[in-house]
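>>> how would this look folded up:
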Amino acid sequence: MTQPAPLVSLIRGDGIGPEITDATLRMLEAAGAALRFEEVPAGAGALTTHQDPLPALTLTSIEKNKVALKGPLSTPMGTGFRSVNVALRQHFDLYVNLRPALSFPGVPSRYQNVDIVTVRENTEDIYAGIEHFVGPGRSAAESIAVITRLGSERIVRYAFEYARRHKRKKVSIIHKANILKMSNGLFLEVAKQVASEYPDIQHDDVIVDAACMKLVLFPERFDVIVTMNLFGDILSDLIAGLVGGLGVSPGANLGEKAAIFEAVHGSAPDIAGMGIANPTALALAAEMMLHHVGQSDAAGRLRRGLLACLADERLRTKDLGGQANTRTFTDGVCASIGQNG
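Reported below is the predicted structural model:
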């Protein structure tokens, strides 16, 4: 008996989210992906329609389907509702944030030899949400970073298992244990213990500020990076800048309960509706999703279509130095898949 196509929770997102989601769905169809989608609301749009940026029906859908594809969501600065992205990660215990960064032929960037995967712990550290005002009149504020042995062990083990599974040679452990001797010291201690169980994979540990400098000077020296939540947030965007920016940088949030694949860039409300948004990051996230659900052939067709258009100035979007808009880029990817799939 033929198995039904997997059902995926679909969050179109805010700002340019609906535009790049529509483009990505077209590419998935052209690539022959066998998927069904259940659209659910989240973000600023959901606050307007459901009085909640993360409605219960959205959580229920992801709990049921266990896989979601998500466009960018808006989060107010300083005030307003808490980040929906953080809430999703904590609700489903999506402890892995996986951010591959790869140099693509034709995409303008400072380097052409970058291939780095950042494995970021996704639920602890300063993003645990433990913060409060101190003193009269909000004269000070305090945020508490939480690093646990369990959280450290499972994220580092994931990084080494990923490296082994994908035939990567080295894992770099990024920390600030020279100053934050207890919290980061615990992370480093656990990381070294886990690393000792993988003698087939090289490893080193690098202080985070030195890592930033070395990434800019010698990115080719890094392979897989594993680190805590705050440092991972910063480093993964820095590394995206080495390969052309967030417009070509996908992400996945993974755990035992669910997997959410996303474009990691913002919702770009200033260009929403103009038809010029670049859908590459969300399309690459969809490619990661296809591998996750066991449709690697379709994933390969989608990637080949994207690579062909990224290499062609006429078909790249303008943010990447090309001449295309959202529709012409998407048309090009779909045509390339049809010709060479």
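>>> show me the contact partners of stretch 164-180.
117, 156, 159-160, 162-163, 184-185, 187-188, 191-192, 195, 198, 200-209, 211, 222-228, 231-232, 235 (CB atoms under 8 Å, 6 or more residues apart in numbering). C-betas here are computed from N, CA, C, even on glycine.
>>> now the buried members of those residues.
The neighbour count (16 or more other CB atoms under 10 Å) marks 117, 156, 159-160, 162-163, 184-185, 187-188, 191, 195, 198, 201, 203, 205-208, 211, 222-228, 231-232, 235 as buried among the contacts of stretch 164-180.
>>> for burial, what's the neighbour tally of Ala33?
23 (other CB atoms under 10 Å).
>>> list phi and psi for it.
phi -70, psi 130 (degrees, to the nearest 10).
>>> if we can go back for a sec, of the contacts of stretch 164-180, which belong to strands?
When DSSP state E is applied, the contacts of stretch 164-180 are split such that 117, 202-207, 224-227 fall in strands.
>>> tabulate the residues you listed (a markdown table), appending pLDDT and distance to Gly247.
Putting the ones in strands among the contacts of stretch 164-180 into a markdown table (pLDDT from 0 to 100; distance: CB to CB, whole Å) gives the following:
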| residue | pLDDT | distance to Gly247 |
| --- | --- | --- |
| Val117 | 98 | 18 |
| Gln202 | 98 | 32 |
| His203 | 98 | 31 |
| Asp204 | 98 | 31 |
| Asp205 | 98 | 31 |
| Val206 | 98 | 27 |
| Ile207 | 98 | 30 |
| Val224 | 98 | 23 |
| Ile225 | 98 | 21 |
| Val226 | 98 | 25 |
| Thr227 | 98 | 23 |
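>>> name the nearest of these relative to Gln323.
Nearest to Gln323 among the ones in strands among the contacts of stretch 164-180, counting by CB to CB, is Val117 at 31.2 Å.
>>> for the stretch 1-150 of the chain, give me the ranges with low pLDDT.
1-2, 75-82 (pLDDT under 70).
>>> would you map the strands across it?
With DSSP state E, counting those that start in this stretch, the ranges of strands along the stretch 1-150 of the chain come out as 7-11, 36-39, 67-70, 96-102, 115-121, 125-134, 140-146.
>>> pairing partners for the fourth one, with directions?
What it means is strand 96-102. When pairing is defined by DSSP bridges, strand 96-102 lines up against strand 115-121 (antiparallel), strand 250-254 (antiparallel).
>>> which residues does the residue nearest the centre of the chain form beta bridges with?
In the chain, the centroid-proximal residue (CA atoms, centre = their mean) is Gly251; its distance is 1.7 Å. Counting by DSSP bridges, Gly251 forms beta bridges with Glu262.
>>> so it sits against Arg99, correct?
Yes: under the criterion of CB atoms under 8 Å, Gly251 makes contact with Arg99 at 5.1 Å.
>>> hey, what's in contact with both of those two?
Shared contacts of Gly251 and Arg99, counting by CB under 8 Å, 6+ apart, come down to 236, 264.
>>> and the helices in the stretch 151-300 of the chain?
Using DSSP state H, counting those that start in this stretch, the helices of the stretch 151-300 of the chain run over residues 183-195, 208-217, 229-242, 280-292, 296-310.
>>> what residues does Tyr111 make contact with?
Neighbours of Tyr111 in contact, by CB under 8 Å, 6+ apart: 103, 219-220, 242-243.
>>> could you work out the most separated pair of the residues you listed?
Maximum pairwise distance among the contacts of Tyr111 (CB to CB): 12.1 Å, between Glu220 and Val243.
>>> of those two, who's got more company?
Neighbours were counted for Glu220 and for Val243 using other CB under 10 Å; Val243 has more, 24 against 11.
>>> from the ones in strands among the contacts of stretch 164-180, which is closest to Gly255?
Val226 (16.1 Å).
>>> contacts only, for the closest residue to the closest one other than its chain neighbours.
Nearest non-adjacent residue to Val226, counting by CB to CB, 6 or more residues apart in numbering: Ala159, 3.7 Å away. Shown in contact with Ala159 (CB under 8 Å, 6+ apart): 119, 171, 224-226.
>>> quick one: Ala159 from Leu188, how far?
Ala159 is 14 Å from Leu188, where distance means CB to CB, to the nearest Å.
>>> cool, and Lys169?
21 Å.
>>> Leu230 too?
Using CB to CB, we find Leu230 at a distance of 15 Å from Leu188.
>>> try Val293
Applying CB to CB to Val293 and Leu188 gives a distance of 35 Å.
>>> repeat for Asp204
For Asp204, the distance to Leu188 - CB to CB - is 12 Å.
>>> what of Ile201?
From Ile201 over to Leu188 the distance is 17 Å, taken as CB to CB.
>>> same check on Lys170?
Taking CB to CB as the measure, Lys170 falls 17 Å from Leu188.
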